[in-house]
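Peer 1: A predicted structure for the sequence below; I have some questions about it.
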Amino acid sequence: MGIPPCSSTKLIKALKKVGLNINISAGDGSHTKIIDRKTGHSTTVPKSKSLSFVRNEIVKWAVKLGYSEKVIKKNL
């Protein structure tokens, strides 16, 4: 599993398209909070281009919650 190289902004937009809530004000400016509407579970996305392994882990988190990796990748 892995996502193609992308910016955090693109990943956040892709996660929003699959149905996750985005809360920009909950982060500290360098992070954005992503919340699953069904379970209330959340994670944060750093706004750094150098953390591709973190973005892969965030996609794995979304897949564990029942979201499609294929659809997330398609929206990137």
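Peer 2: Alright, I've got the coordinates.

Peer 1: what helix or strand is the residue nearest to Val18 when sequence neighbours are not counted on?
Peer 2: Ranked by CB to CB, 6 or more residues apart in numbering and with sequence neighbours excluded, the top spatial neighbour of Val18 is Tyr67, at 5.0 Å. For the C-beta atoms, the positions are set from N, CA and C on the backbone; glycine is no exception. Applying DSSP states H and E as the criterion places Tyr67 outside every helix and strand.

Peer 1: Same check on Thr32?
Peer 2: According to DSSP H and E, Thr32 maps onto strand 31-35.

Peer 1: got the angle between the helix or strand just after that strand and strand 31-35?
Peer 2: Later in the chain than strand 31-35, the nearest helix or strand by DSSP H and E is strand 42-46. If you take axes from the mean of the first three to the mean of the last three CA atoms, to 10 degrees, strand 42-46 sits at 150 degrees to strand 31-35.

Peer 1: Tell me which residues of the longest helix anywhere in the chain come out buried.
Peer 2: Assignment by DSSP state H gives helix 52-64 as the longest helix of the chain. For helix 52-64, a neighbour-count test (16 or more other CB atoms under 10 Å) marks Ser52, Arg55, Ile58, Val59, Trp61, Ala62 as buried.

Peer 1: The second one reaches Lys47, doesn't it?
Peer 2: Okay, so that is Arg55. No. Using CB atoms under 8 Å, Arg55 is not in contact with Lys47; the gap is 10.9 Å.

Peer 1: shared neighbours of the two, anything?
Peer 2: Ser8 (CB atoms under 8 Å, 6 or more residues apart in numbering).

Peer 1: contacts for the strand holding Thr32?
Peer 2: Residues external to strand 31-35 that are found in contact with it (CB under 8 Å, 6+ apart): 8, 12, 15, 20-24, 26-27, 41-47, 58, 62.
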